[in-house]
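1. fold the following for me, if possible:
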Amino acid sequence: MKNKKPIKGEDLRTRIMRLFQKAGFETKPRNKKDKELEVELSSGKKRPIDLLVKAEGLKIMVECTGKKIDSITSFTHDKIQIGKAAKADKVLLVITNKEIKEEDRDFIHSLEAEVWTEKDIKYYEAIVSAIGEWAKYEIIHSLGLHTSEEKIIHNVYALKINQPLIDSETEVFLFSINPQFLLKTAAIFRKARFEAETYQRMLRKKRLPNIAKFVSKPDAIFPVDIILALSNKVKTIELDNSLLKDKNGSSIIITRPDVAEIQILQLPLEYASLEVIDGQHRLFGFARVEDDNVLKNFNLIVAGIKGLNFPKKRDLFVSINDNSRRVDPNLVAYLKYTDDETECRENPELMAIKISVELNKESPFKNKIRLLDIGEQKITLKGFSGYDLRKLISPRGMLRKYYPENSSEEYVKLLRMYFSAVRDVLRTQWDNPKKYIVATNRGISAFLRLLRSILKTERKKLTYNDIKKYLLPLKSFDFRTDILKGEYIGAAGWKRFHEDLVNTIRKEFPEFGK
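-> A predicted model of the protein is given here:
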């Protein structure tokens, strides 16, 4: 999927207006022909407003800009003053013409405003396209707003399953709740919300109408296949299970009381506060149900897990979806990404994923590594972070030997320099991955192995010139894919490709890699 150019001016405002309308918000103006809104500041000066949106008793002022912004600070302060005059609960800045860095977001957030970039717009458009007006609740949550309805607590019977049997910080509950409650309170696993494409991949909207049709039948039965991560705001009330009696007053002795116990689960109606780990289609299929009676009275069976920290949530999601055709392996790899340097140093797989994601941010790999399952890049996150990179940075790896700091920053710096040299020597081949094998998964694998050979030869930290001198002999190598595709097939193909590169270099440097 190719990125569209940012939409500017009136078209941008219309796009955002339609997004909010489809998400169930009331907007003023309602269309681009309506008269422009104005508010009067305390100074008496009148200022225009792009958009006012309302839902659930909340008012949001939206300012869209496709123009160049000289100062985020002054722009934000100015719009907040207008928002105060409009008596808005939140000011949302939609900025598509400027790169918004993390410090910019933090600054805007510190002033109790929020910002959307093109990436955010695409994400919420993806949600609205899939679940329509139910997207309203996640948008409200994302803007840091709260309604009086969210204070309501639902007390439900739950069966607490003691799993594992040893003491654990996590608790597993089986309970039933209606779809209307979950459509307001549940959102797709947070780590899968970084990109619109991720959301679209995890929630295939084409599947939703059939599910809606099925659950609307009077005799519809749904198995247990919705798994939620429960937030810390979900509380429990323990009951005295030893006093369990039947309707006649006779005591009931449970055969294995250590296996499970009945408790009360207190679920706050807080929007988008629960994370769907699995079963998203079964849940969001109800977004297409038009019968309010079904939404209010269908008893969904849910497994809720309380006490999961982020790594455990991630690992649970991956364990459910890894090696599964339902979720692309590239997305599974992306979900394992963590910025925690300590965690990465202890785990070569996580370090390799972090390195690959960081390399994708700047030249020579800027946007050349496909992080998700949508895109035309010939290099994928799964491929780049695979066996060959992990072997380099493993405890006995060549990179670890000469770069013992085991730092992602150090690895990224070296790999960026190394592949910059590859690009500089083989510019035509690098820029044409459809024709040449160099900037493809197979090419990257071979060049990572070649890096190991260079380190074997130099036996020290490398410089750009160290690398380039060994790459220059490869200018005579024919990297055309149509020539090589029959040569390097199967698991051994990558090894032969690397050996042929080494042999080409040895014509000029006979001791290379020995």
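2. show me what stretch 465-481 is in contact with.
-> Identification of contacts with stretch 465-481 by Cβ atoms under 8 Å, 6 or more residues apart in numbering yields 417-418, 421-422, 424-426, 429, 434-438, 440, 443, 450, 454, 457-458, 484, 500-501, 504-505, 507-509, 512. (C-beta placed from N, C-alpha, C; glycine too.)
3. mind listing what's buried along it?
-> Within stretch 465-481, the residues scored as buried using 16 or more other Cβ atoms under 10 Å are 466-471, 473-474, 477, 479, 481.
4. and which of those is nearest D104?
-> Closest approach between those and D104, by Cβ to Cβ: I467, at 35.9 Å.
5. where does the prediction get shaky in the stretch 251-400 of the chain?
-> 321-328, 373-374 (pLDDT under 70).
6. next, count neighbours for the closest residue to S407 other than its chain neighbours.
-> Distances taken as Cβ to Cβ, 6 or more residues apart in numbering place E341 nearest to S407, at 7.3 Å, with adjacent residues excluded. Residues lying near E341 (other Cβ atoms under 10 Å) number 15.
7. go ahead and confirm E341 touches N406.
-> No: using Cβ atoms under 8 Å as the test, E341 is too far from N406 to be in contact (9.3 Å).
8. circling back to that earlier point, now, which of the buried residues of stretch 465-481 sits nearest T147?
-> T481 (56.3 Å).
9. now, the contacts of stretch 465-481 that are in helices?
-> Applying DSSP state H to the contacts of stretch 465-481, the entries found in helices are 417-418, 421-422, 424-425, 429, 443, 450, 454, 457-458, 484, 500-501, 504-505.
10. what subset of these is buried?
-> 417-418, 421-422, 425, 429, 443, 450, 454, 457, 484, 501, 505.
11. need these in CSV (columns: distance to D106 and pLDDT).
-> Shown next, in CSV, are those (distance: Cβ to Cβ, whole Å; pLDDT from 0 to 100):
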residue, distance to D106, pLDDT
M417, 31, 97
Y418, 33, 97
A421, 36, 97
V422, 36, 97
V425, 41, 97
Q429, 41, 95
G443, 39, 91
L450, 41, 96
I454, 41, 96
T457, 46, 96
L484, 48, 75
L501, 46, 94
I505, 48, 96
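12. which residues are in contact with T504?
-> Neighbouring residues of T504 by Cβ under 8 Å, 6+ apart: 473-474, 476-477.
13. can you give me the pLDDT of it?
-> T504 carries a pLDDT value of 95.
14. which residue ranges of the stretch 351-500 of the chain form helices?
-> Counting by DSSP state H, counting those that start in this stretch, the stretch 351-500 of the chain has helices at residues 381-384, 387-393, 398-402, 408-425, 427-430, 441-458, 464-471, 481-484, 491-506.
15. check contacts around V91.
-> V91 sits next to 60-61, 63, 79-80, 82-83, 112-114 when contact means Cβ under 8 Å, 6+ apart.
16. what about 10 Å?
-> Listed by Cβ atoms under 10 Å, 6 or more residues apart in numbering, the contact set of V91 reads 60-63, 76, 79-84, 108, 111-115, 143.
17. what's the nearest residue to it if we skip its chain neighbours?
-> Leaving aside its sequence neighbours, V91 sits nearest to G83 (Cβ to Cβ, 6+ apart; 3.8 Å).
18. isn't the one you found right next to E114, touching?
-> No: G83 is beyond contact range of E114, at 11.2 Å (criterion: Cβ atoms under 10 Å).
19. what is in contact with the two at once?
-> 60, 62, 90-93.
20. what strands line up against the helix or strand R47 falls within, and which way round?
-> In the assignment (DSSP states H and E), R47 maps to strand 46-49. If you go by DSSP bridges, strand 46-49 pairs up with strand 37-40 (antiparallel).
21. report the buried residues of the partner strand.
-> Result for strand 37-40 [16+ other Cβ under 10 Å]: buried residues V39.
22. send the alpha carbons of that strand over as PDB?
-> Extracted in PDB, the C-alpha atoms of strand 37-40 (Å, rounded to 0.1, in the frame of the first residue of the first chain):
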ATOM      1  CA  LEU A  37     -17.700  28.800  12.900                       C
ATOM      2  CA  GLU A  38     -16.300  31.700  14.900                       C
ATOM      3  CA  VAL A  39     -15.700  32.300  18.500                       C
ATOM      4  CA  GLU A  40     -14.900  35.500  20.300                       C
END
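23. ends of stretch 470-478, how far apart?
-> 16 Å (Cα to Cα, to the nearest Å).
24. any idea of the mean pLDDT for it?
-> The model assigns stretch 470-478 a mean pLDDT of 95.
25. so for Y411, what's the nearest residue that isn't a sequence neighbour?
-> I355 (5.2 Å).
26. mind checking the end-to-end distance for stretch 453-468?
-> Counting by Cα to Cα, you get 13 Å between the two ends of stretch 453-468.
27. out of the contacts of T504, which is nearest to E26?
-> Taking Cβ to Cβ as the measure, L474 is the one of the contacts of T504 closest to E26, at 62.7 Å.
28. that older thread, would you mind checking the shared contacts of G83 and E114 for buried ones?
-> 60, 62, 90-93.
29. from those, which land in strands?
-> Counting by DSSP state E, the buried ones among the shared contacts of G83 and E114 place 60, 62, 90-93 in strands.
30. so which strand or helix has L19?
-> Using DSSP H and E, L19 falls in helix 9-22.
31. quick check: neighbours of the following helix or strand past that helix in the sheet, parallel or antiparallel?
-> Proceeding N to C from helix 9-22, the next assigned helix or strand is strand 26-28, under DSSP H and E. Strands that pair with strand 26-28, judged by DSSP bridges, come out as strand 51-55 (antiparallel).
32. what comes up buried for the partner strand?
-> Under the neighbour-count criterion of 16+ other Cβ under 10 Å, strand 51-55 has 51-53, 55 buried.
33. for stretch 506-514, same thing?
-> Going by neighbour count (16+ other Cβ under 10 Å), the buried part of stretch 506-514 is 512-513.
34. quick one: it to chain centroid distance?
-> Chain-centre distance of stretch 506-514: 45 Å, with Cα atoms, centre = their mean, to the nearest Å.
35. between its first and last residues, how far does that stretch reach?
-> Taking Cα to Cα as the criterion, the two ends of stretch 506-514 lie 10 Å apart.
36. is it true that the residue nearest to S407 touches E358?
-> No: using Cβ under 10 Å, E341 is not in contact with E358; the gap is 11.5 Å.
37. overlap in contacts of those two?
-> Shared contacts of E341 and E358, defined by Cβ under 10 Å, 6+ apart, are found at 408-409.
38. contacting residues around R459?
-> Under the criterion of Cβ under 10 Å, 6+ apart, the neighbours of R459 are 398, 401-402.
39. one more time with 8 Å, if that's ok
-> Taking Cβ under 8 Å, 6+ apart as the contact definition, R459 lies against Y402.
40. state the pLDDT value of it.
-> For R459, the pLDDT comes out at 94.
41. and this structure, what are its domain boundaries?
-> Domains of the chain are assigned by automatic domain parsing as 9-142, 148-313, 328-506.
42. same list (those) but as TSV, adding distance to I320.
-> Converted to TSV, the domains of the chain look like this (distance: least, Cβ to Cβ, whole Å):
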stretch	distance to I320
domain 9-142	20
domain 148-313	5
domain 328-506	10
